[in-house]
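Undergrad: here's my sequence, what's the structure:
(one chain, ligands or ions: 1)
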Amino acid sequence: MAIFTLEKNNGIALVTMDTPDSPQNVLSEASQSEYESILADIRNDNSLKGMVFASGKKDVFLAGADISIFQTIETQEQAYESSKLLHGMLQQVADLPITTVAAINGVCLGGGLELSLVFDYRVASDSKSTRIGVPEVQLGLLPGGGGTTRLPRVVPLPDALDMMLTGRQLSASRAKKIGLVDEVVASSILLDVAHNYVAKGKPNRKSGFKDRLMRMSPVRQFVISQARKKVMSQTKGKYPAPLKILDTVNRGLAMSLDKALDLEAKGFGELLVTPESKQFVNIFFATTDLKKDTGVDSDATARPISNVGVLGAGLMGAGIGYVTVDKAKTTVRLKDISVEGLAKGMAYVGKLVDKKLNRRRIKPHQHQSIMARLTGSLDYRGFKNSDVVIEAVFEDLSLKQRMVADIEALSGNKETIFATNTSAIPIDDVAATAKHPERIVGMHYFSPVEKMPLLEVISGTKTADWVTATAVELGKKQGKTVIVVNDGPGFYTTRVLVPYNMEAVRLVLEGVAIQEIDNSLESFGMPVGPIKLMDEVGIDVGAHIVVTLNQAFGDRIPLIDGVDKVLADERMGKKNGKGFYDYSEDSKGKRVDQSIYSVIGVENPGRNELSRQVIIERVLFSMLNEAAYCLQEGILRSARDGDIGAIFGLGFPPFTGGPFRYMDSLGLTEVRAKLEGLHAEHGQRFKPAQLILDLAEQSKGFYS
Ligand code: COA
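TA: Just a heads-up that it's a prediction; the model follows:
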């Protein structure tokens, strides 16, 4: 079956792209020859005055180049050639003497947008699925189909840069506002309107520049240098793609189109072979895989969810409520023990929905219907019909067990799922006193829930597969990337964070300056350093979990008395304005609170000037080793889940591909050697996971 069809009517050629047996349209080798023969047909037909290009799929126009091909490209030259090939394909449309119109309905990304840029006109449908953008930066690449040079010739440079540097996807109306599309219409009349555009004839765009000012060197340089500053402060220069995009756009705009395209192809070639890009492509396929993963190995399926109950209207509970009413479009009953708490939680959700309205992401009637899904209560009224109840109360086992009993008593014959949003209490403990332990599952959200992309679902020993599958499905509907892990102290994300944070505290006790430790890990690519992170998460929370892990793993995760001293001084971190950092008005958490050193008994802080490399190795390898233990013990179902969990839940640098991909890139022999060295020097806490030793022995990696 063909990918493209060509129909001719009244002098207008309608080309429709509809890749058979695939949910997507992508530009691939398979589509190239067909595309070229259809264009040859159009070129040679003198009776034609116009061409309209559309997609036969309901929600997809064109999702760009086929990303799987990138995995087969090995050299810079091959990548350069693939970009040139795409340029050539697109140029054939640009060279047509007839009027060309792209009718965009659905996802129009990367090569999809770049294709539409060579058309004389772009008309888009107002459908919600119409999203237009160049997401290549998220793959560690630049838009290699003419985007770096054609996009800033069509829309103002600041908008073009924003799209290229963030990968942001625009709605049709936003695209119209910046001049990216000529008109936005209902999908039902999209094709008719596109056909009408043919009558307008070819537009008169001599230089191809809409924004002539931007071509002028000083203005351009200024805009580019501002963008570069922003990129550097956000990425600390760790990501090659945004810097290459800026350079290519800047130089390309001073060149002829042909030369600029060649420069773009070279830049594309250079980026595609970087390890960073390879890891981003791995992450793309891992997250795509997870979208289809039910979270269970059996064929159990998720049950429908119409009502969700949330216990506790604090920051977590309210955040869970918000993603449920907004993204999952499911009714939520929110309960708290105090009127103030409940009102605060409801107001929190209201504020987030208001924000969407103010930013015109939703219309007033949508605002109303989202808010109508949320109701609150001080008792269990309204919980009887819940399909899932998620508790988001204090980390107190007996409180959680009491809630399980309450919900079980309420739901009668209804098989209500009880999900506990705990970050470390074992699910089996919560389920220990339950009548139906098979209906208890962990749903570990990250704060703030509306922003953090990960959900860690924890399956207890007795959790039924349908329960896990339902929790996974609910998480996906709430817009989360979901990993499923097996039960154990600290599950996965919390467990690997503890030795990482504790090693950092140990360094402080050894006299290394706090700022230097945090700077070191940030220079590795962590969004915040480990000590700062403890302040953010709450030192009391961290201290509690260390005890749990120490009970489970003994000498491998030892206790540190420094943490107790910090707590004894009533320092809980950001939340009570007292921690390792100074939260006074003039510092606002930017500077280390120097008084912390005497609190933990460190004299002469900073006396120990370890190199950054040594600091990074000690702190980082504590986490890497623990991640390997989690895989070895079956807490993790796969290395893939471990990578995605660390990247999306803990901010592990995505360009490394995650802890497991990172260890693979170092080589397991090297990882073993490092850990054995640390083990010999510092003792049991660095005892290498057997899995690492085995893989090194077999000259294998986690993925190979
Ligand atoms: N190249 C190769 N495969 C692609 C693809 C691309 N550009 N875009 C989507 N796919 C594939 C996915 O891998 C998946 O394949 P599978 O079913 O065999 O696993 C399938 O299309 C469905 O994708 P999925 O992500 O599950 O669908 P979705 O509706 O949730 O999201 C998109 C659709 C297009 C928004 C999303 O897939 C996406 O962002 N794709 C990448 C777009 C991109 O970066 N383009 C520029 C490339 S340079």
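
Undergrad: checking the nearest residue to residue 564 once chain neighbours are set aside next. Helix, strand or coil?
TA: Residue nearest to residue 564 in three dimensions, not counting chain neighbours: residue 543, with 7.1 Å by CB to CB, 6 or more residues apart in numbering. For glycine as for every other residue, the C-beta is placed from the backbone atoms N, C-alpha and C. Going by DSSP: H, G, I helix; E, B strand; the rest coil, the secondary structure assigned to residue 543 is helix.

Undergrad: how close does residue 543 get to residue 227?
TA: Distance of residue 543 to residue 227, given as CB to CB, to the nearest Å: 42 Å.

Undergrad: now do residue 156
TA: Residue 156 is 13 Å from residue 227, by CB to CB.

Undergrad: so between those two, which is more surrounded?
TA: residue 227 (21 against 16; other CB atoms under 10 Å).

Undergrad: SS state for that one?
TA: helix.

Undergrad: shouldn't it be in contact with residue 246?
TA: Yes. In this structure, residue 227 is within contact of residue 246 by CB atoms under 8 Å, at 5.9 Å.

Undergrad: what touches both of these two?
TA: 161, 165 (CB atoms under 8 Å, 6 or more residues apart in numbering).

Undergrad: ok, residue 631 touching residue 642?
TA: Yes. Between residue 631 and residue 642 there is a contact at 6.0 Å, judged by CB under 8 Å.

Undergrad: and residue 511, helix, strand or coil?
TA: Going by three-state DSSP: residue 511 is coil.

Undergrad: which one is it nearest to, not counting chain neighbours?
TA: According to CB to CB, 6+ apart, the nearest residue to residue 511 is residue 608 (3.6 Å).

Undergrad: what does residue 305 give?
TA: residue 387 (4.5 Å).

Undergrad: that neighbour: how many residues sit nearby?
TA: Neighbours around residue 387, by other CB under 10 Å: 20.

Undergrad: per-domain residue ranges of this protein.
TA: 4-273, 307-486, 493-697 (automatic domain parsing).

Undergrad: now do the first one: distance from first to last residue.
TA: Put plainly, it is domain 4-273. Length of domain 4-273, first residue to last, CA to CA, to the nearest Å: 31 Å.

Undergrad: same question, the shortest one
TA: Chord length of domain 307-486, first to last residue, is 26 Å (CA to CA).

Undergrad: and the closest residue to residue 69 other than its chain neighbours, how far is that from the ligand?
TA: Excluding the flanking residues, the one nearest residue 69 by CB to CB, 6+ apart is residue 28, at 6.6 Å. Distance of residue 28 to the ligand, computed by CB to the nearest ligand atom, to the nearest Å: 8 Å.

Undergrad: could you pull up the residues touching residue 28?
TA: Contacts of residue 28 (CB under 8 Å, 6+ apart): 65, 66, 69.

Undergrad: in which helix or strand would I find the last one?
TA: By that I understand residue 69. Under the criterion of DSSP states H and E, residue 69 resides in helix 67-70.

Undergrad: residue 413 - how many residues pack around it?
TA: Count around residue 413 with other CB under 10 Å applied: 5.

Undergrad: same check, this time on residue 97
TA: Counted with other CB under 10 Å, residue 97 comes out at 10.

Undergrad: and what of the one 5 residues further on?
TA: Using other CB under 10 Å, residue 102 has 29 other residues around it.

Undergrad: list the contacts of whichever residue of the stretch 401-550 of the chain sits closest to the ligand.
TA: As assessed by CB to the nearest ligand atom, the ligand sits closest to residue 476 within the stretch 401-550 of the chain, at 9.9 Å. Applying CB under 8 Å, 6+ apart to residue 476 gives the contacts 291, 482.

Undergrad: how far away is it from residue 422?
TA: Residue 476 is 21 Å from residue 422, by CB to CB.

Undergrad: also residue 148?
TA: Separation of residue 148 from residue 422 (CB to CB) stands at 47 Å.

Undergrad: those two: who's more crowded?
TA: residue 148 (32 against 24).

Undergrad: with adjacent residues omitted, what lies nearest to whichever residue of the stretch 551-700 of the chain sits closest to the ligand?
TA: Of all residues in the stretch 551-700 of the chain, residue 640 sits closest to the ligand, at 13.3 Å by CB to the nearest ligand atom. Using CB to CB, 6+ apart and skipping the chain neighbours, the partner closest in space to residue 640 is residue 286 (4.9 Å).

Undergrad: ditto for residue 337
TA: residue 378 (6.9 Å).

Undergrad: ok, the residue in the stretch 251-400 of the chain positioned nearest to the ligand - how many residues close by?
TA: The nearest approach of the stretch 251-400 of the chain to the ligand comes at residue 288, 4.2 Å away (CB to the nearest ligand atom). Residues near residue 288, counting by other CB under 10 Å, number 10.

Undergrad: just residue 24 next, same as before
TA: Number of residues near residue 24 (other CB under 10 Å) recorded here: 16.

Undergrad: how close does it get to the ligand?
TA: 4 Å.

Undergrad: now residue 125
TA: Remark: distance between residue 125 and the ligand (CB to the nearest ligand atom) = 16 Å.

Undergrad: isn't that residue right up against residue 105?
TA: Yes. Between residue 125 and residue 105 a contact is recorded at 4.1 Å, counting by CB under 8 Å.

Undergrad: overlap of the contact sets of these two?
TA: Contacts common to residue 125 and residue 105, judged by CB under 8 Å, 6+ apart, are 187, 190.

Undergrad: next one: residue 216, what pLDDT does it get?
TA: Looking at residue 216, its pLDDT reads 69.

Undergrad: just the strands in the stretch 601-704 of the chain please.
TA: For the stretch 601-704 of the chain, strands defined by DSSP state E, counting those that start in this stretch do not occur.

Undergrad: quick one: the helices in it, in order.
TA: Assigned by DSSP state H, counting those that start in this stretch, the helices in the stretch 601-704 of the chain fall at 612-632, 639-650, 659-666, 668-682, 690-697.
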